[in-house]
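**Student:** quick one, what's the 3D model for this:
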Amino acid sequence: MSVNQTNELRSSFGDDIILFDEQDESTVFRILTEILHEDRHYAVLQSEEMKKDGEVSVFRVSRDSEGTLELETIEDDEEWETVSELYDELTFPEHDEP
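**Tutor:** Here you go, the predicted model:
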């Protein structure tokens with residue numbers, strides 16, 4: 001799969017980003033990586049709690065009408081799985097053994 005990395009989100013917000021849930025509770029997430037795949041921009045984020053469990057969150061990154069970066073929840077399981085696999089490949093590359 002063709003994948004490139006970018007840093008637009010990190011350039012705009014730094015290494016950490018604060019997200020709010022439905023109850024308006026805030027959580028700090030570390031931006032682990034940003035991926036460009038099939039003309040779409042994705043971000044892989046991790047909170048301290050998720051780090052303890054080895055979990056990550058994957059979001060689609062888009063721009064609103066004013067050009068501001070926004071994070072969107074990925075509703076499609078196949079799309080989420082594809083991006084998650086790309087992240088795994090970037091994080092844990094397989095080494096060819098002789």
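**Student:** now V44: which helix or strand?
**Tutor:** strand 40-47 (DSSP states H and E).
**Student:** which neighbours does that strand have in its sheet, and in what orientation?
**Tutor:** Partner strands and pairing direction for strand 40-47 (DSSP bridges) are strand 26-37 (antiparallel), strand 57-63 (antiparallel).
**Student:** mean pLDDT and mean neighbour count added to those strands, as JSON lines?
**Tutor:** Placement of C-beta: from N, CA and C, glycine included. Below are the strands paired with strand 40-47 laid out as JSON lines (pLDDT from 0 to 100; neighbours: other Cβ atoms under 10 Å):
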{"stretch": "strand 26-37", "mean pLDDT": "95", "mean neighbour count": "16"}
{"stretch": "strand 57-63", "mean pLDDT": "95", "mean neighbour count": "17"}
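**Student:** next secondary structure after the lowest-mean-pLDDT helix or strand in the chain?
**Tutor:** None of the helices or strands of the chain scores lower by mean pLDDT, DSSP states H and E than strand 4-5, at a mean of 84. Downstream of strand 4-5, the first helix or strand assigned by DSSP H and E is helix 8-13.
**Student:** buried residues of the following helix or strand past that next one, list them for me.
**Tutor:** Using DSSP H and E, the next helix or strand after helix 8-13 towards the C-terminus is strand 16-20. Buried positions in strand 16-20, judged by neighbour count with 16 or more other Cβ atoms under 10 Å: I17.
**Student:** with stretch 66-86 instead?
**Tutor:** 69, 71, 74, 79-80, 82-84, 86.
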